[in-house]
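1. test case, fold it:
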Amino acid sequence: MLVVYQNRRFDDDFVTLRQIICSGEIGDVYHYDSFVGGYSRPCDYWHSNAEVSGGAIFDWGSHFLDQILNIIPDDVAHVSGQNHKRVWTHATNADHAHVTVTFTTGKQATFVHSDLAAARKPKFYILGTEGAIIGDWDPAGEPAVADLPAILTVHHIDGTSRVAPLQPLAPHEFHRSIVEVHQQRNSNGSKRIAISQCCGNYASGRAIGSAQRHACCASASAVIASDGELGLSWRWLCCQPRARPSRARIARSTFVRCRQPR
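-> Numbering: from 1, shown residues only. Reported below is the predicted structural model:
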């Protein structure tokens, strides 16, 4: 059984954030910003080598875009990305990468990974029709603030706010969920169970690939790709000359729906 290691679905801050959103406290989420990084020299390990890692969007982006698709399960209208290479010449990864996901409902989400951000943005900045959530980096984690969960503040439309206590899950919840999927799959021999429960891996993977290709190409157009074994089809971005970037599209199959983590 081959599974993407989406352990960030079970981070304390994201689990808590998702519970707040599901409770309806901030209404319907229509805008979602996420950020990771700061101003620092990238490491010399494989993470910084685009030929090995696939680029900055495939690194942290694989987790943050997966989280976005868990919060906003709507069909994706289009994905765009922009890479900046301006300072750190020892690494081949982008110094600053920006992804924007626009959904068919008009909702939008962004992800930024930066090694050029002298001033950090919040980890999460989420707007709903009845409130907002800001996830500030915990200064106790400096200089590696990504090692600690964000401090979540819920803002209400009446001007009040509250700091939300984290709701941690049991240790190794990701691995427990994989065992559950594997057991269910073995019990009734259906591939569709595994796919429906792990669909976030497929959806986020397609969004990441689209953004990275859009960021690396001057132009892109949509072509259809499919996987007959899984019964899935989707639009995938590929680089083609003389095509307008505005035509870039990515859409999930009607079968694929992102299942929220427990």
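2. and the strands in this structure?
-> Here the chain has its strands, by DSSP state E, at 29-37, 76-84, 96-103, 108-114, 124-128, 131-136, 151-156, 161-163, 220-227, 232-239.
3. tell me which of these lies nearest to residue 65.
-> strand 108-114 (5.8 Å; Cβ to Cβ). (Each C-beta comes from the backbone N, C-alpha and C, glycine too.)
4. if I take the closest one and strand 96-103, what angle do their directions form?
-> With axes from the mean of the first three to the mean of the last three Cα atoms, to 10 degrees applied, the angle from strand 108-114 to strand 96-103 works out at 170 degrees.
5. direction included, what does strand 108-114 pair up with?
-> Using DSSP bridges, the strands paired with strand 108-114 are strand 29-37 (parallel), strand 96-103 (antiparallel).
6. can you tell me how far residue 94 sits from residue 83?
-> 4 Å (Cβ to Cβ, to the nearest Å).
7. I'd like the strands of the chain as TSV, with mean pLDDT and mean neighbour count appended.
-> Conversion of the strands of the chain to TSV gives the following (pLDDT from 0 to 100; neighbours: other Cβ atoms under 10 Å):
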stretch	mean pLDDT	mean neighbour count
strand 29-37	98	20
strand 76-84	96	20
strand 96-103	97	21
strand 108-114	98	22
strand 124-128	98	21
strand 131-136	98	20
strand 151-156	98	18
strand 161-163	98	12
strand 220-227	28	14
strand 232-239	27	18
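8. distance to residue 13 added to those, as JSON lines?
-> Listed next are those as JSON lines, based on distance: least, Cβ to Cβ, whole Å:
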{"stretch": "strand 29-37", "distance to residue 13": "11"}
{"stretch": "strand 76-84", "distance to residue 13": "24"}
{"stretch": "strand 96-103", "distance to residue 13": "20"}
{"stretch": "strand 108-114", "distance to residue 13": "15"}
{"stretch": "strand 124-128", "distance to residue 13": "8"}
{"stretch": "strand 131-136", "distance to residue 13": "6"}
{"stretch": "strand 151-156", "distance to residue 13": "6"}
{"stretch": "strand 161-163", "distance to residue 13": "12"}
{"stretch": "strand 220-227", "distance to residue 13": "33"}
{"stretch": "strand 232-239", "distance to residue 13": "30"}
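9. just want the most central residue of the protein.
-> residue 65 (1.0 Å; Cα atoms, centre = their mean).
10. do you know the pLDDT at that residue?
-> pLDDT, residue 65: 96.
11. shouldn't it be in contact with residue 111?
-> Yes: here residue 65 reaches residue 111: they are 5.8 Å apart, a contact under Cβ atoms under 8 Å.
12. give the residues shared as contacts by these two.
-> The contact sets of residue 65 and residue 111 overlap at 99, 101 (Cβ atoms under 8 Å, 6 or more residues apart in numbering).
13. okay, the strands paired with strand 108-114 in CSV with distance to residue 10 next?
-> Output for these, formatted as CSV (distance: least, Cβ to Cβ, whole Å):
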stretch, distance to residue 10
strand 29-37, 16
strand 96-103, 22
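14. of these, which approaches residue 162 most closely?
-> Per Cβ to Cβ, nearest to residue 162 of those: strand 29-37, 17.8 Å.
15. let me see the contact set for the residue nearest to residue 68 when sequence neighbours are not counted.
-> Sequence neighbours aside, residue 109 is the residue nearest to residue 68 in space, at 4.4 Å (criterion: Cβ to Cβ, 6 or more residues apart in numbering). Residue 109 sits next to 31, 32, 33, 34, 68, 71, 72, 100, 101, 103 when contact means Cβ under 8 Å, 6+ apart.
16. sorry, back to before: relative to residue 169, which of the strands of the chain is closest?
-> With Cβ to Cβ as the yardstick, what comes closest out of these is strand 151-156 (15.4 Å).
17. the helices in the protein, which residues?
-> 12-22, 50-53, 56-59, 61-71, 173-188, 191-197, 199-216 (DSSP state H).
18. confidence-wise, which of these is weakest overall?
-> Among the helices of the chain, helix 191-197 scores lowest, at a mean of 41.
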